Structure formats: structure tokens, C-alpha cells
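1. Let me see the structure of the following:
(chains A and B)
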Amino acid sequence: MTVLITLPASASYASVLRSTAAAMAARCELGYDRLEDARLAIDEAFAQLLAFAPEQASVECAFDEAPSDLRFVLTGPTRLIEALPTDSFSWTVLSALADELQAEVRDGRLAIHVRVHEPHEVSV
Amino acid sequence: MDAREQLIADHLGLVHHVARRFQGSGEFEDLVQVGTLGLIRAVDHFDPAQGNAFSSYAVPSITGAIRHYLRDQAASVKVPGRLQEASARVSRAIDRLSQSRGRSPKVAEIAAELGISTDQVLEAIEANHAHATISLESDESPLELLGVADAGIEQAETRMAVRQALAALPELDRQVIHRRYYLGCSQTQIAEQLSISQMQVSRILGRATRQLRSALLDL
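-> Just a heads-up that it's a prediction; the model follows:
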């Protein structure tokens, strides 16, 4: 199933996304530690969109629910012309939290795709 | 068990003893947990060459950790008592179930274990993030972990900024951040390694990540 949310590009709405991500992770039957990873990842992805969003923008978030597998895509207008920088602390955080991660800039919009699944592949 | 672990194990009774003196001001298990962190700090900083008994060195460290925690708690956002209690029960259930199953439990499993609804578990998880976070005083000594952290960061400029922002965090926060983001440990593993609850790990990660993010944006 897919769940869609549209919200203002304002940091004060981050809590809405965090709570929704936690509830969706529970629906996907992720373990508690992966649920918390999803909660952190959406916060970080949202912060990345906000960092490059024009004024008065809104952000869309689509959650895709599958057994042991949560995906979400955050999309919104962006001032970025080229790719999202991947040498930032935020990107390091997202890379560690997500099992799959992808960012694309196209037609003035930035999309960040995140996948968190079970079992957690520990990278070390 | 190495000498360090042995020293910690031998003095857990001391932590209980100190924690009991503060009983009533906080959840006993939480007091023991932060007290244990104080003990670990004492083990890591103890110098036998000074000629003092370990226990006389450890007690102020344990007491300090608990005082600091209680101070933090008092200053925190007030979460209703009912929710705080539920959150503590959920926290214990997560750690118990992880132990018995060898993996982090699902929300439905936590709910079944406690005989509550999944929504109540989610509510407790949200309440956990509204709590004050246990943070031990930042010590000024440069940590070797910062050197390791460099390996994960390529760009010189970012590395400097991240290094500075990390240095401003309390030691426990730094440890959690480093282990999760640079060593790739799971939150469950970090809880085991640092002898804290999984909910504490999540709480610290959430707060410290946001703190780092805002520090880095200001640079």
C-alpha cells in the first residue's frame, strides 16, 4: 500500500514525518532498531530538501509498505541545479541508515529515495 | 572476560548501592544504567599508580553520573507520568525481547509482550524522544574515535567542520554517533556495547544528529 502526505517545507513539520515513518515502519513489521533508523532517515532527508527549497514550497512524501520493507520518497522544488552534494554529514548519516539511497534533481525538483528493510545488513 | 570487563563486573554492586541512595528521584533501573556509565568512565580513567583504591575513585564518578542525569531529567520537557511509565516498560520489554530473540523486536511483539496495543507502543516510542537525554559531561580530552571518524569523511572542509561539531558533544553522544554512522553498528549492537537501553540509543541518536546538523549548517 502507498501512503501520501503533502506538507509545508518548514522544519516545524518534521515531527509529522517522523511519527508517520514510525507508524509505517510498524506496519511493515520492521524491528524496533530499524523503525528508529527510518525515523531518523526521514528527518535527515526532509532537512536536505529544506536546505535547498525555495520559499513557500511544499514537500511530498510517498511511503510504500511491504512486508519487512519500507520505502519512502520525499520530493519538492529545489534551488539545486546539479546533483545533491554527497560529501555532507547529512549524506553520511543517510547512507548509514538506509539500505538503499538515491537522490535525483530533475526539472527543478529534488527527490530522495530511501529504503529501510529487514534484516538489517550491518556494514562492518 | 578481560581485566576491564572484570573490573566493571566486580563493581556493579557498588552501582546498585549508590543508585539506591537516589531511589525515589528516578526509575531505579535507569539510575543503575547511568550509574554503570559512571563506573565505566571511572574504569577507563583510573590510574592505579596514584595509589588510591578503585572504589574510592569510582564512587564520585557513579554519583556524578546519576546527579547529572537527574538534573537533566528535571530540566526536560514534562511527559505525563502515565506515558513516562509506559515508555519505561516498553524500553525494558525491547531489551528483554532482544536478548531472548537475538534481534530487535517488532512493535507487534512488544505490544503482545506487554498486553497493550501497537498504538500504545508507538505512543511510548514518541514519548521517549520527548524525554531528556542522558548526557554525561563532555570531557575535553581528544578522543581517538575522532581519528577513526576521519576515515569515513573524504572532504577536508567537511571533515574539519564535523570534527569540531563532534568535539562539542558529550562523550556518550559522540560514541553513539560514531558507532552508528561511521562504524555501521546497528542500534541494538550499540546498546549492548555501551550497556545502555535501545531506547536510550535512539534518543541520543535523534538528539545528537539534530544537534550536529544545526551546528554544521551554522558553519
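2. going forward, measure contacts and count neighbours with C-alpha atoms only.
-> OK.
3. Next up, the contacts around the residue in chain B positioned nearest to chain A.
-> Relative to chain A, the nearest point of chain B is residue B:106 (4.3 Å; C-alpha to the nearest C-alpha). Applying C-alpha atoms under 8 Å, 6 or more residues apart in numbering or on different chains to residue B:106 gives the contacts A:26, A:29-32.
4. List only buried entries from those.
-> With burial judged by 16 or more other C-alpha atoms under 10 Å in any protein chain shown, the buried subset of the contacts of residue B:106 is A:26, A:29-32.
5. I'd like to know which of these is nearest to chain B.
-> Ranked by distance to chain B (C-alpha to the nearest C-alpha), these are led by residue A:31 at 4.3 Å.
6. phi, psi of the closest one?
-> Dihedral pair for residue A:31: phi -70, psi 160, per degrees, to the nearest 10.
7. which residue sits closest to it, ignoring its sequence neighbours?
-> The shortest distance from residue A:31 to any non-neighbouring residue, by C-alpha to C-alpha, 6 or more residues apart in numbering or on different chains, is to residue B:106 (4.3 Å).
8. ditto for residue A:36
-> Ranked by C-alpha to C-alpha, 6+ apart and with sequence neighbours excluded, the top spatial neighbour of residue A:36 is residue B:202, at 6.4 Å.
9. now swap in residue B:84 and tell me
-> Computed as C-alpha to C-alpha, 6+ apart, the closest residue to residue B:84 that is not its neighbour in sequence is residue B:127, at 7.1 Å.
10. how far is the helix or strand harbouring that neighbour from where the chain is centred?
-> Assigned by DSSP states H and E, residue B:127 belongs to helix B:118-130. Distance of helix B:118-130 from its chain centroid, counting by C-alpha atoms, centre = their mean, to the nearest Å, is 18 Å.
11. follow-up on the earlier one: save the contacts of residue B:106 as JSON lines, and put in secondary structure too.
-> Below are the contacts of residue B:106 laid out as JSON lines (DSSP: H, G, I helix; E, B strand; the rest coil):
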{"residue": "A:26", "secondary structure": "helix"}
{"residue": "A:29", "secondary structure": "coil"}
{"residue": "A:30", "secondary structure": "coil"}
{"residue": "A:31", "secondary structure": "strand"}
{"residue": "A:32", "secondary structure": "helix"}
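12. Of these, just say which sits nearest to residue B:42.
-> residue A:32 (31.3 Å; C-alpha to C-alpha).
13. Does the closest one touch residue B:107 like I think?
-> Yes - Residue A:32 is in contact with residue B:107 according to C-alpha atoms under 8 Å; the separation is 6.5 Å.
14. Spell out the secondary structure type for residue B:184.
-> Residue B:184 - assigned by three-state DSSP - is coil.
15. what bits of chain B have low per-residue confidence?
-> For chain B, the stretches with pLDDT under 70 are B:72-79, B:131-158, B:218-219.
16. Kindly report the same for chain A.
-> Residue ranges of chain A with pLDDT under 70: A:120-124.
17. and with 50 instead?
-> Flagging of chain A using pLDDT under 50 yields the residue ranges A:123-124.
18. Report the central residue of it.
-> Of all residues in chain A, the one closest to the mean position by C-alpha atoms, centre = their mean is residue A:42, 3.7 Å from it.
19. mind listing what residue A:117 touches?
-> Residue A:117 neighbours (C-alpha under 8 Å, 6+ apart): A:30, A:34, A:68-70, A:99.
20. Among the residues you listed, which are located in strands?
-> Per DSSP state E, strands hold the following members of the contacts of residue A:117: A:69-70.
21. so residue A:65 bridges to which residues?
-> Counting by DSSP bridges, residue A:65 forms beta bridges with residue A:70.
22. gap between it and residue B:106?
-> Per C-alpha to C-alpha, to the nearest Å, residue A:65 is found 15 Å from residue B:106.
23. ditto for residue A:15
-> Separation of residue A:15 from residue B:106 (C-alpha to C-alpha): 22 Å.
24. next one: residue A:33
-> Separation of residue A:33 from residue B:106 (C-alpha to C-alpha): 9 Å.
25. Could you do residue B:123 as well?
-> Distance of residue B:123 to residue B:106, computed by C-alpha to C-alpha: 15 Å.
26. And residue B:12, by the same measure?
-> With the distance defined as C-alpha to C-alpha, residue B:12 ends up 31 Å from residue B:106.
27. chain center to whichever strand or helix holds residue B:19: distance?
-> Per DSSP H and E, residue B:19 falls inside helix B:12-21. Centre-to-centre, helix B:12-21 and its host chain are 18 Å apart (C-alpha atoms, centre = their mean).
28. what's it in contact with?
-> Outside helix B:12-21, the residues within contact range by C-alpha under 8 Å, 6+ apart are B:28, B:31-32, B:35-36, B:39, B:59, B:62-63, B:66.
29. Tell me the backbone dihedrals of the residue of chain B closest to chain A, please.
-> Backbone torsions of residue B:106, given as degrees, to the nearest 10, read phi -80, psi 160.
30. Residue A:109 touches residue A:77, doesn't it?
-> Yes - between residue A:109 and residue A:77 a contact is recorded at 4.2 Å, counting by C-alpha under 8 Å.
31. Have a look at the two and say which one is more surrounded.
-> Legend: neighbour count by other C-alpha atoms under 10 Å in any protein chain shown for residue A:109 and residue A:77, higher for residue A:77 (24 against 17).
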